[in-house]
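Peer 1: okay, predicted coordinates and the sequence, questions at the end:
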Amino acid sequence: MAEFTMPSLGADMDEGTLQEWLVQPGDSVRKGDPVAVVETAKSTIEVECFETGTMGKLLVEPGTTVPVGTALALIEPAAEGPEKREKRRKPEKAEGKRSVRSAPTRATPPTRPEPAGVPVPSAAQERGRTEAGPLLRHFAERSGIDLDALHGSGRGGRVTRTDVERAATAATAGQPLRVRATPLARRLAAELDVDLATVTGTGKDSAVRAADVRKAAPGPTTPAPPSRDVTASARPEDRAAAMRQAIAGLMTRANRDIPHYYMSTTVDMAAAMDWLHEHNRRSPVAERLLPAALLLKAAARAAREVPELNGFWTDDHFTAGDGAHLGVAVSLRGGGLVAPALHDADTLELPQLMTALKDLVARARTGRLRGSEVSDSTITVTNLGDQGVESVFGVIYPPQVALVGFGRVVDRPCAVDGLLGVRPVVTATLSADHRATDGAVGARYLTTVDRLLQNPEKL
């Protein structure tokens, strides 16, 4: 039995609020599945499961704030397959030697007969989940039937195929069926007068979540009780203040503990902009690129080539990252910022990177980020060119050791091959940790960014 704990979703997180469970006891989960929604001072994040198994007891109620590392639920390990069990059960045979046997197996006590007419609930039903095999569950999902809403006619209350077929027939006839939804979503739907049958679910197995209900609610939503849903009940000004406090605390520690050094360079963008205009002229609207795509790809490729700046400073030593995961600074509409990760950005083709960037920004601004996207960036990039800024020197986000800044692409008079002309240029800056590197490494990084942008067709 493993514990699912409140994760650390950034260096500035000491505690989090469990906002919503996306699973119930008895649900099968796989590593990487979102199982809970957690609110931090800066964002609302979907937290993934760290192993495959079955959800056991939920230890923390939604609306509860707990420190990082607190056990939130128990996860039962995945059951062994029949072949593995049979192999483990067989005694080893060796000619001329005694067999090595496991401890004696206890005899199974005889089963007492069930009283006639009295159904005995199964363990799964006692947990609040209908017991059914995978084939029956597949048939129910294909028929649009929620097994947990059915009363089984089989032995011990077990749901049978006939029960599912009867429910499907009733649905075709227009009789109402229970919609799959989280408990918080049902409670919120009742408060906001939202018909769950009209809501498109985005949770596990298309289950309706609280966020889906709020989105479907007509007009301004009514806050839920503070004890159950902190995000809904918090006033915007309170959340903004909490975020500013979290950012200020982290940046204060970063400025105090990290010996920053700074440098910048001016990059000629003529080749990059010419290639970009030609690419966009030949591409459908959906596949057109912004200059930010080129800048981010160059930053990620440079991080791969100069790995001394791509990683973390922990326990008084540097640890290189397992890939170039760009933390992209995103300003939020209500104020503040987050820096979720574009994973393996150096390996993405430019159209893929552009699509991933749009998706990441949209989800960051609607509170739909995943836990892995806010906790494993290896180097952060901030691009304020769309705000008219020409250069930006940022503060490193610990435990990372570098932050890259890009400003606006502007036309400037330049001397090229002895001739004076007007060229598009961008200012690239670097803030780096002197504990991990010196200026020579930082200069090599910026030089690499420049070289990559002179050959955009190879990005």
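Peer 2: Happy to help now that I have it. Numbering: from 1, shown residues only.

Peer 1: every contact and neighbour count from this point should use C-alpha atoms.
Peer 2: Fine.

Peer 1: okay, domains of the chain per the record?
Peer 2: 2-77, 183-234, 249-458 (automatic domain parsing).

Peer 1: ends of the last one, how far apart?
Peer 2: End-to-end distance for domain 249-458, by C-alpha to C-alpha, to the nearest Å: 41 Å.

Peer 1: let me see the mean pLDDT of that domain.
Peer 2: Domain 249-458 shows a mean pLDDT of 94.

Peer 1: how far does it sit from the chain's center?
Peer 2: Offset of domain 249-458 from its chain centre (C-alpha atoms, centre = their mean, to the nearest Å): 21 Å.

Peer 1: likewise for the first one?
Peer 2: Average the C-alpha atoms of domain 2-77, do the same for its chain, and the two points are 12 Å apart (C-alpha atoms, centre = their mean).

Peer 1: between the two ends of stretch 388-399, how far is it?
Peer 2: Stretch 388-399: ends 29 Å apart by C-alpha to C-alpha.

Peer 1: list the buried residues for that stretch?
Peer 2: 390-399 (16 or more other C-alpha atoms under 10 Å).

Peer 1: report the central residue of the protein.
Peer 2: Centroid-nearest residue in the chain, with C-alpha atoms, centre = their mean: residue 370, separated by 1.4 Å.

Peer 1: just give the nearest non-adjacent residue to that one, would you?
Peer 2: Nearest non-adjacent residue to residue 370, counting by C-alpha to C-alpha, 6 or more residues apart in numbering: residue 46, 4.6 Å away.

Peer 1: identify the residues contacting that neighbour.
Peer 2: Residues in contact with residue 46 (C-alpha atoms under 8 Å, 6 or more residues apart in numbering) are 34-38, 368-371.

Peer 1: do residue 328 as well
Peer 2: Contact analysis of residue 328 by C-alpha under 8 Å, 6+ apart lists 338-342, 380-382.

Peer 1: now do residue 350
Peer 2: 289, 293-294, 297, 459 are the contacts of residue 350 under C-alpha under 8 Å, 6+ apart.

Peer 1: out of those, give me the one that has the most neighbours.
Peer 2: residue 297 (25 neighbours; other C-alpha atoms under 10 Å).

Peer 1: surely that residue meets residue 346?
Peer 2: Yes: between residue 297 and residue 346 there is a contact under C-alpha atoms under 8 Å: 6.0 Å.

Peer 1: with secondary structure added, can I get the contacts of residue 328 in a markdown table?
Peer 2: A markdown table is the format used below for the contacts of residue 328 (DSSP: H, G, I helix; E, B strand; the rest coil):
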| residue | secondary structure |
| --- | --- |
| 338 | strand |
| 339 | coil |
| 340 | coil |
| 341 | strand |
| 342 | strand |
| 380 | strand |
| 381 | strand |
| 382 | strand |
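
Peer 1: closest to residue 329 among these?
Peer 2: Ranked by distance to residue 329 (C-alpha to C-alpha), these are led by residue 339 at 4.2 Å.

Peer 1: the closest one - nearest residue in space that isn't next to it in sequence?
Peer 2: residue 329 (4.2 Å).

Peer 1: any figure for the gap between that neighbour and residue 337?
Peer 2: 7 Å.

Peer 1: what number of residues are in the vicinity of the residue nearest to residue 339?
Peer 2: Neighbour count of residue 329, defined by other C-alpha under 10 Å: 19.

Peer 1: now do the same contact list for it.
Peer 2: For residue 329, counting by C-alpha under 8 Å, 6+ apart, the contacting residues are 337-340, 380-383.
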